[in-house]
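Trainee: Below are the sequence and a predicted model; questions follow.
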Amino acid sequence: MSLNGGLVWALTQAVGPAHVLTDGDLSAFEVDWRKRWFGKALAVVRPGSTAEVAAVVQACKAHGTCLVPQGGNTGLVGASGPDASGTQVVLSLGRMNRVRGIDAANLTMTVDAGCVLQAVQEAAAAQGLLFPLSLAAEGSCTIGGNLATNAGGTQVLRFGNARELCLGLEVVTADGDVWDGLSGLRKDNTGYDLRDLFIGSEGTLGIITGATLKLYPQPAAVTTALAAVPSMGSAVGLLQLAQARLGPGLTGFEVMGEFALGLVRKHFPQLPQPLPPAPWTVLLEQSDCESAEHATALFEALLEAALERGLITDAAVAASTQQSNNLWHLRESIPLAQSLEGLNIKHDISVPVSKIPAFVAATDAALERAFPGVRLVDFGHLGDGNLHYNVQAPMGQAAADFLRDCEKAVNAIVYDAVCAQGGSISAEHGIGMLKRDELVKRKSPVALQMMRAIKQALDPAGRLNPGRVLQTD
Ligand code: FAD
Ligand code: ZN
């Protein structure tokens with residue numbers, strides 16, 4: 001039996017022959033969402049339980065084979081698929097999609113890692129509870145992937161990142177042992193926080209198989225408004241005013257540049273855009289514990305005050321859930337609209353909210369000087385200081401040529417500006433392969449040394465998602 005034959009046989013023993021895929025079209029597991037990385041798997045393995053994950057990891061260990069954990073494969077940084085060598089096993093968690101239990105009095109829920117985010121939201125809602133993590137990929141991304149990337153999304157302003165929504169984890173280690181760290185405790189100071197090591201580790205330290213998540217009461221009403229804003233400075237002014245008036249009721253504050261919304265108009269003309277084009281458009285969401293009428297009245301008073309102060313030039317408050325959904329649809333269609341327009345150079349950055357106007361002004365100007373006519377698909381979670389500051393080729397230049405010839409120089413301009421403002425080169429998508437080399441340039445040697453020591457301690461043979469986050473060879 002060949003070396004690979006031996007491993008495939010062992011994998012088949014672990015999960016059953018139907019769940020070890022080696023032939024046919026495996027591109028759904030091998031190619032990333034943006035179609036930027038094309039890998040080749042030795043096999044795709046689909047375990048159905050934590051014990052089966054442990055058996056797969058042990059089989060790979062025995063054969064010296066590397067593993068790439070995968071959830072919904074919606075990641076954007078080149079971390080969820082195999083490399084092109086044909087020697088790595090993709091461990092797909094999709095079959096592990098059970099809600100293990102909901103403790104309504106403790107406001108917690110324990111789920112398998114392969115549960116799709118939307119299914120988790122729906123299971124919570126069925127008990128009258130809220131799991132607030134929300135992102136445009138929620139119909140296919142999984143809780144395991146959300147935690148492994150410490151996903152952000154549109155509710156971070158009020159509820160925090162995936163990390164803040166997780167109380168406990170179950171993890172299969174690189175040796176194939178199971179760590180049962182599932183816990184519904186909000187207080188537990190018993191030494192180093194292992195949970196927080198695995199959250200955000202992008203599959204490089206262990207395989208998340210289960211999680212205990214925080215739930216919240218469902219709000220009585222959720223209302224949405226759109227506001228046209230003359231400048232980024234005004235958008236930040238509007239945020240301050242909204243925070244002062246609505247307090248924790250302000251659950252979403254998203255900004256969209258005119259070029260980004262223009263792409264939505266072009267590629268999704270059927271989506272209504274209730275406001276005329278403006279330099280920036282802000283989507284505000286308010287969750288209210290009283291009623292929809294109360295929420296609408298608060299929103300209208302806020303927008304009137306903003307209009308008087310010149311922070312906004314126009315506004316529309318959604319009058320129904322359908323209208324609210326339509327407004328969110330506009331925001332959530334931007335990633336798809338920009339991918340239909342062609343590849344661009346993506347930056348998922350954060351700077352302190354107060355510094356965003358200066359960052360945008362300086363970086364827009366520097367890019368225009370270096371690449372006249374360059375177009376900016378600029379949008380994101382302004383309430384968190386997180387922009388998706390994406391750079392599209394000037395009109396008439398092929399996207400592929402622009403990426404090949406200009407990506408390095410564009411990145412240098414953007415990331416230098418981010419660092420000058422005390423920001424981060426990855427706000428919510430992670431590092432993967434996309435930003436691995438940039439990380440080495442931007443993180444302190446002390447931080448990198450501690451990260452390498454953690455990797456060495458938990459995965460000394462470097463078999464879990466090698467080459468992602470840190471260069472390991
Ligand atoms: P994958 O893509 O399958 O994997 C992502 C990483 O997690 C990989 O490193 C993988 O190895 C690791 N991993 C996956 N499952 C496990 C596991 N069980 N154990 C250990 N490691 C694991 N992200 C945001 O943060 N905010 C957004 O607003 C947002 N919007 C998006 C919109 C669109 C349209 C798309 C396509 C993506 C968006 N993303 C966003 C990125 C992506 O959806 C998130 O990173 C998501 O958390 C990935 O989940 P996944 O299940 O698809 O993980
Ligand atoms: Zn985002």
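Mentor: Looks like it came in fine. Ligands and ions are numbered 1, 2, ... in the order given.
Trainee: need the residues of the stretch 351-473 of the chain near ligand 1, please.
Mentor: 428, 429, 465, 468 (Cβ under 6 Å from any ligand atom). Placement of C-beta: from N, CA and C, glycine included.
Trainee: Between all of those residues, which two are separated the most?
Mentor: 428 and 465 (18.5 Å; Cβ to Cβ).
Trainee: More neighbours: which of those two?
Mentor: Per other Cβ atoms under 10 Å, whichever of residue 428 and residue 465 has more neighbours is residue 465, with 28 against 24.
Trainee: which residues does the more buried one contact?
Mentor: 66, 67, 68, 69, 79, 202, 203, 204 (Cβ atoms under 8 Å, 6 or more residues apart in numbering).
Trainee: likewise residue 425?
Mentor: 347, 349, 415, 418, 419, 435, 438, 439, 442.
Trainee: mind checking the backbone torsions on it?
Mentor: Dihedral pair for residue 425: phi -80, psi -10, per degrees, to the nearest 10.
Trainee: separation between it and residue 147?
Mentor: For residue 425, the distance to residue 147 equals 21 Å [Cβ to Cβ, to the nearest Å].
Trainee: mind listing what's buried in stretch 312-328?
Mentor: 312, 313, 315, 316, 317, 318, 323, 324, 326, 327, 328 (16 or more other Cβ atoms under 10 Å).
Trainee: In helices, which of these appear?
Mentor: Among the buried residues of stretch 312-328, the members falling in helices (DSSP state H) are 323, 324, 326, 327, 328.
Trainee: which element is residue 470 on?
Mentor: Assigned by DSSP states H and E, residue 470 belongs to neither a helix nor a strand.
Trainee: Go ahead and flag the most central residue of this structure.
Mentor: Nearest residue to the geometric centre of the chain (Cα atoms, centre = their mean): residue 151, 3.9 Å.
Trainee: And the closest residue to residue 281 other than its chain neighbours, its phi and psi?
Mentor: Nearest non-adjacent residue to residue 281, counting by Cβ to Cβ, 6 or more residues apart in numbering: residue 256, 4.8 Å away. Note on residue 256: backbone dihedrals following degrees, to the nearest 10 are phi -140, psi 130.
Trainee: could you list every residue that touches residue 256?
Mentor: Counted by Cβ under 8 Å, 6+ apart, residue 256 has contacts 280, 281, 282, 283, 330, 331, 334, 379.
Trainee: ranking those by neighbours, who comes first?
Mentor: Neighbour counts for the contacts of residue 256, by other Cβ under 10 Å, peak at residue 281, which reaches 29 neighbours.
Trainee: give me every residue that touches residue 336.
Mentor: So residue 336 contacts 267, 268 (Cβ under 8 Å, 6+ apart).
Trainee: Report the buried residues of the longest helix along the chain.
Mentor: Taking DSSP H as the criterion, the chain has its longest helix at helix 399-420. Neighbour-count burial for helix 399-420 flags 402, 403, 406, 410, 411, 413, 414, 415, 417, 418 (criterion: 16+ other Cβ under 10 Å).
Trainee: Likewise for stretch 214-233?
Mentor: 214-215, 219, 221-229, 232-233.
Trainee: Those residues in strands, which ones?
Mentor: Using DSSP state E, the members of those that fall within strands are 214, 221, 222, 223, 224, 225, 226, 227, 228, 229.
Trainee: Farthest pair within those residues?
Mentor: 214 and 228 (35.3 Å).
Trainee: quick one on the thing from earlier: pick the one among the buried residues of helix 399-420 closest to residue 5.
Mentor: residue 403 (39.8 Å).
Trainee: Give me the secondary structure label for the nearest residue to that closest one once chain neighbours are set aside.
Mentor: Nearest residue to residue 403 in three dimensions, chain neighbours excluded: residue 343, at 5.7 Å (Cβ to Cβ, 6+ apart). Residue 343 falls in the coil class when you classify it by DSSP: H, G, I helix; E, B strand; the rest coil.
Trainee: Right, I'll call it a day here.
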